[in-house]
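Engineer: Turn this into a model:
(chains A, B, C and D)
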2 protein chains.
Amino acid sequence: MKNLKMKAARAGKDLSQDELARIVGVSRQTINAIEKGDYNPTISLCRSICKALGTTLDELFWEE
Amino acid sequence: MKNLKMKAARAGKDLSQDELARIVGVSRQTINAIEKGDYNPTISLCRSICKALGTTLDELFWEE
DNA sequence: ACTAAATGTCAAATATATATTACATTTTGT
DNA sequence: ACAAAATGTAATATATATTTGACATTTAGT
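Structural biologist: Numbers count the residues shown, from 1 in each chain, chains lettered A, B, ... in the order given. Model (predicted):
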């Protein structure tokens, strides 16, 4: 399932996928794939993304 | 770093590591290692654990 | 003290997250 | 319309999460 909340939070910080990738220390493809929803990042990467985007885990990565 | 919040939440549900492991569909060693703190589970496993323990991601897996 | 259950831990194998390289398509600015 | 930047996507390689099986230690019940 697509992660539109993450896409929105990134847009809110005016960061490209590539810029976010550099900040959190992963490849651009990894960020792209997470937003596209076809994989399952590690919790430490999720934490790094949240810190970079100023959000919480629950805001970006919770699903009902 | 040890995940004592998870250990406490599990104790609060009166579940052994083995029981929790079966509920979320992983091995007991995986649960043990997460509580012990020496690895980095995937977000989907974290979500499953939170659902099993009735908590949120932020409660169990956020770190400052 | 004894026993069973729960937990800690290790080594080797397997599954999968992530990197790298590369190219195609879409979006944005001028 | 054009160019540059951003995004989507695929193949192959590497790092690491997770499994399996096994055994040692600790904890809880009687």
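Engineer: The longest helix along chain A: how far from the chain's middle?
Structural biologist: Criterion DSSP state H: the longest helix present in chain A is helix A:43-53. The chain centroid and the centroid of helix A:43-53 are separated by 7 Å, computed with C-alpha atoms, centre = their mean, to the nearest Å.
Engineer: Next, the buried residues of that helix.
Structural biologist: Residues of helix A:43-53 classed as buried: A:43, A:45-50, A:52-53 (neighbour count, 16 or more other C-beta atoms under 10 Å in any protein chain shown). Yep, even glycine has a C-beta here, placed from its N, CA and C like the rest.
Engineer: So is it next to chain B?
Structural biologist: Yes. Against chain B, helix A:43-53 shows contacts by C-beta under 8 Å from any C-beta of the partner chain at A:43-44, A:46-47.
Engineer: Now that helix - C-alpha only, CSV.
Structural biologist: Extracted C-alpha coordinates of helix A:43-53, given in CSV (Å, rounded to 0.1, in the frame of the first residue of the first chain):
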residue,chain,number,x,y,z
ILE,A,43,12.3,0.3,12.3
SER,A,44,15.6,2.2,12.5
LEU,A,45,15.1,3.5,9.0
CYS,A,46,11.6,4.5,9.8
ARG,A,47,12.8,6.3,12.9
SER,A,48,15.4,8.2,10.8
ILE,A,49,12.8,9.2,8.3
CYS,A,50,10.5,10.4,11.0
LYS,A,51,13.2,12.5,12.6
ALA,A,52,14.2,14.0,9.2
LEU,A,53,10.5,14.9,8.5
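Engineer: Tell me the helices and strands packed up against the very next helix or strand once past it.
Structural biologist: Using DSSP states H and E, the helix or strand that directly follows helix A:43-53 along the chain is helix A:57-61. Judged by 3 or more C-beta pairs under 8 Å, 6 or more residues apart in numbering or on different chains; DSSP states H and E, helix A:57-61 is in contact with helix A:4-12, helix A:43-53, helix B:57-61.
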